[in-house]
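Asker: Sequence first, then the predicted structure, then my questions.
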Amino acid sequence: MKTFTFFLLACSLGLYAHAQDTFRLTGDISDDSRKDVKQLYLTYDDEFGNTITLDSAKVKRGKFTFEGTVPERVEKVYLSGFPNGTLTFFLDPAELTVTGIDAQNPEKARVTGSHNNEVYNQLKDIDARGRQNAQQKLEAYKTSLPADIKANPVVMQHYVDTERSRQNELARLDVLDFIAANLYEPITVWMVNDYCRDFFSAYTMERDILCAIPESMKKHPLYEEMLSFSYSEDLKSGSQSPIITGKDVEGKRLSSTDLEGNYVIIHFWASDDPASIDEISSLKAALKAANQFGRVAILSYSLDTDRQAWTEAITRLDMNDPHWHHLSTLQGFKSKAAQLYKVKKLPYTVLINPQGRIISLELHGDDLVNKVTRIAEGIESYE
C-alpha cells in the first residue's frame, strides 16, 4: 500500500469556525419518486451524540426550501424524511441547491453552492468510483479462479474474501490521496472521520493520522472524539486518558481538559445506584485529605437519564465542594464518555495526573483515599 506521506504534514491553519450567517437550501425531487415524500427534516448530531433538528420543510410538487442561520461551527448535516436513507452535506452560509434527488436513493444526490460541498462531492464521487471498480475487479477475479477452487465453497470463499479486502484497500488509496491534497480544508476533520476512522486501527489513527491534523482544528470536538476513542483502546496506567465532555448543572459545556494541571478523579455514578451513593463518603474524604494540597479535583460524570434526579442528588448528598465538578449528557450507559472508558458497572473511577495520563483504574474506598493522601503529602508524585 502507498505510504501516507501526507500525514507527516502538520502546520497551522486559519480558524475553521465561521461567523454565524444565513443559508438557503432548495431542491426538486424527481417526478417518479416524489409521491412518498411529504416533509423533510434538516438535522445534525451534536458532540454528545444528540440529534438536533434545525428545521423542517413541506414538500410541494416535489419542491422544498429551507432558510435559516447556520451553526456557529462548520457542521455536517442530514436531510431526512425520504423512504430510504438520508443525504449528508455541509450547511454553509450560501445559496445551496440539491440536485439529482431520488427519494428512494437520496445519498446519490449532490449539494452545490459552496466550496465545502464541492470538496465533499469530489470525495464522495472518488469513493463511489473506487467501490464500483473494486466490485468489478472482484467479479472478474471470481470468474478467473480455477475449477477445483470453485468446486469447494469453503476454499472459494476464502479466496474471495482475501481478494475483496485487497481490492477495498486499493480503492481506498484514491480517497486518501484526495484527503492528502485537501488536508487544510475546513472539513478535514469530517473527511478523516468519515473515510479513515473505520478503516484504520486505533494505533494507526493516533500515531500516523490524527497527529497530522492542522493545529487549529485540534480543538474541534470531532477531533477530540476520534483521538479519545484511539486512547480508549489502551486503558491502563501510564496511558493517555480519553477526553470526556458533557454539560454541567447549569447547562454549560465542561470537558476533562478544563481541569488540566490538577490530579483528577474521574467518577462515573448514578443517583439511583446504591453502590454509587456509598462511594460518596470516600470521595469526600479524598478531597478533605487534599485540601491543603489544592490540586485534586473530582469530575463526576452522571449516567442518570433524568436531569432532576441528577441535580437533586448532588444537593442531597452535599457534593458541592468547589473542587467537585459535575457533568452529564443524560444518556446513561449509552453516553460517549461511558463507552470511552468501557464502563460496565457503577461506581467506576479513574485517577489521572495533571498531564491527563492514567495513574490508576478502579480505585475505591480506602484505596482511593490513601492514594490521594500520599500524592497530597508528596510521598508519591506522577508528574
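Answerer: Everything's here; your move.
Asker: Quick check: chain neighbours aside, which residue is closest to Gln253?
Answerer: Careful, residue 253 is Arg and not Gln. Nearest residue to Arg253 in three dimensions, chain neighbours excluded: Lys247, at 6.1 Å (C-beta to C-beta, 6 or more residues apart in numbering). C-betas here are computed from N, CA, C, even on glycine.
Asker: per-residue confidence at that neighbour?
Answerer: With respect to pLDDT, Lys247 has a value of 96.
Asker: residue contacts, it?
Answerer: Residues near Lys247 by C-beta atoms under 8 Å, 6 or more residues apart in numbering: Phe48, Arg253, Leu254, Leu327, Ser328, Thr329.
Asker: Distance of the first one relative to Asn84?
Answerer: I take that to be Phe48. To Asn84, Phe48 is 28 Å away according to C-beta to C-beta, to the nearest Å.
Asker: now the strands for the stretch 1-150 of the chain?
Answerer: 22-29, 39-45, 51-58, 63-69, 76-80, 87-90, 95-101, 110-112 (DSSP state E, counting those that start in this stretch).
Asker: JSON lines please, covering those and showing distance to Pro274 and mean neighbour count.
Answerer: Shown next, in JSON lines, are the strands of the stretch 1-150 of the chain (distance: least, C-beta to C-beta, whole Å; neighbours: other C-beta atoms under 10 Å):
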{"stretch": "strand 22-29", "distance to Pro274": "50", "mean neighbour count": "18"}
{"stretch": "strand 39-45", "distance to Pro274": "34", "mean neighbour count": "17"}
{"stretch": "strand 51-58", "distance to Pro274": "33", "mean neighbour count": "14"}
{"stretch": "strand 63-69", "distance to Pro274": "46", "mean neighbour count": "15"}
{"stretch": "strand 76-80", "distance to Pro274": "41", "mean neighbour count": "21"}
{"stretch": "strand 87-90", "distance to Pro274": "44", "mean neighbour count": "21"}
{"stretch": "strand 95-101", "distance to Pro274": "53", "mean neighbour count": "17"}
{"stretch": "strand 110-112", "distance to Pro274": "51", "mean neighbour count": "19"}
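Asker: Quick one, which of these gets closest to Ile358.
Answerer: Closest of the strands of the stretch 1-150 of the chain to Ile358 is strand 39-45, at 28.1 Å (criterion: C-beta to C-beta).
Asker: looking at the protein, which helix or strand does the model trust least?
Answerer: Sorting the helices and strands of the chain by mean pLDDT, DSSP states H and E puts helix 202-204 at the bottom, at a mean of 90.
Asker: tell me what that one is packed against?
Answerer: Helix 202-204 makes packing contacts with helix 221-231 when contacts are defined by 3 or more C-beta pairs under 8 Å, 6 or more residues apart in numbering; DSSP states H and E.
Asker: Could you give me the buried positions within the helix it packs on?
Answerer: Under the neighbour-count criterion of 16 or more other C-beta atoms under 10 Å, helix 221-231 has Pro221, Leu222, Tyr223, Glu224, Glu225, Met226, Leu227, Ser228, Phe229, Ser230, Tyr231 buried.
Asker: Averaged pLDDT, it. What do you get?
Answerer: Mean predicted lDDT for helix 221-231 stands at 95.
Asker: tell me the angle of that helix relative to strand 76-80?
Answerer: Going by axes from the mean of the first three to the mean of the last three C-alpha atoms, to 10 degrees, helix 221-231 is angled at 100 degrees with respect to strand 76-80.
Asker: what angle sits between helix 221-231 and strand 39-45?
Answerer: On the basis of the same axes, to 10 degrees, helix 221-231 is oriented at 60 degrees to strand 39-45.
Asker: can you start the count at 5 instead of 1 from here on
Answerer: All set: I'll call the first residue 5, so the last point we hit is now helix 225-235.
Asker: Give me the helices and strands touching helix 225-235, please.
Answerer: helix 192-199, helix 206-208, helix 340-344.
Asker: can these go into a markdown table with extra columns for mean neighbour count and distance to Val63?
Answerer: Formatted as a markdown table, the helices and strands packed on helix 225-235 follow (neighbours: other C-beta atoms under 10 Å; distance: least, C-beta to C-beta, whole Å):
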| stretch | mean neighbour count | distance to Val63 |
| --- | --- | --- |
| helix 192-199 | 20 | 27 |
| helix 206-208 | 14 | 42 |
| helix 340-344 | 20 | 34 |
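Asker: any chance of those helices in CSV, plus distance to Lys288?
Answerer: As requested, the helices and strands packed on helix 225-235 are exported to CSV (distance: least, C-beta to C-beta, whole Å):
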stretch, distance to Lys288
helix 192-199, 40
helix 206-208, 36
helix 340-344, 22
